[in-house]
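[1] sequence and predicted model, in that order:
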Amino acid sequence: MSITRPVILVGVDGSVADDIAIEWAAREASMRALPLRIVHVVDPPTLPQMISDDFADQALARSGAMASELLEQATGKAQSAAPGLEVRQEVRPGRVVEELVKAATDARVLVLGSGQRF
């Protein structure tokens, strides 16, 4: 049985509220000497049956690339707010609220802005 180290978790969605949530979470993680985990949930689009597999694959790849870029930007903001902070990134597919709740099982604090999808 392994023991999971607690984290401070911040959910990001690309909204303006992300900046405040990321900075607050980074400072909180630094004060508590815990890692920060930044999570973005990709809600897979429902595509009509008539869409080709190639188009669907392209849409999913683009969504993944956008999520990676969002997490990189969020990591930079967190490290600016709390230099030396250990920052982890995670992309989770699924419904936003359900996935954030699942991701928070090892979190001491779950931080959310008042963004577009929460």
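    Looks like it came in fine.
[2] excluding its backbone neighbours, what's nearest E90?
    V39 (4.8 Å; C-beta to C-beta, 6 or more residues apart in numbering). Placement of C-beta: from N, CA and C, glycine included.
[3] my guess is the one you found meets V7, correct?
    No. In this structure V39 lies outside contact range of V7 using C-beta atoms under 8 Å: 9.9 Å.
[4] hmm, back to that, so what's the residue nearest to E90 bridging to?
    G11, E90 (DSSP bridges).
[5] which ones are touching it?
    With contacts defined as C-beta atoms under 8 Å, 6 or more residues apart in numbering, V39 is in contact with L9, V10, G11, V12, Q89, E90, V91, R92, E99, L100, A103.
[6] if we go to 7 Å?
    L9, G11, E90, R92, L100, A103 (C-beta atoms under 7 Å, 6 or more residues apart in numbering).
[7] pull out the buried members of these.
    Neighbour-count burial (16 or more other C-beta atoms under 10 Å) applied to the contacts of V39 gives L9, G11, R92, L100, A103.
[8] now do the fourth one against G11, distance only.
    According to C-beta to C-beta, to the nearest Å, L100 stands 5 Å off from G11.
[9] list the helices and strands the helix or strand of the chain with the lowest mean pLDDT packs on?
    Lowest on mean pLDDT, DSSP states H and E among the helices and strands of the chain sits helix 53-81, with a mean of 84. Applying 3 or more C-beta pairs under 7 Å, 6 or more residues apart in numbering; DSSP states H and E, one finds that helix 53-81 contacts helix 18-32, strand 36-42, strand 87-93.
[10] looking at those, which is buried most?
    strand 36-42 (a mean of 24; mean count of other C-beta atoms under 10 Å).
[11] for that one, what is the distance to the chain centroid?
    1 Å (C-alpha atoms, centre = their mean, to the nearest Å).
[12] quick one: R62 from R27, how far?
    33 Å.
[13] re the thing from before, how about JSON lines for the contacts of V39, with distance to T75 and pLDDT added?
    What follows is those, written out as JSON lines (distance: C-beta to C-beta, whole Å; pLDDT from 0 to 100):
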{"residue": "L9", "distance to T75": "14", "pLDDT": "98"}
{"residue": "G11", "distance to T75": "14", "pLDDT": "96"}
{"residue": "E90", "distance to T75": "11", "pLDDT": "96"}
{"residue": "R92", "distance to T75": "16", "pLDDT": "91"}
{"residue": "L100", "distance to T75": "18", "pLDDT": "96"}
{"residue": "A103", "distance to T75": "16", "pLDDT": "97"}
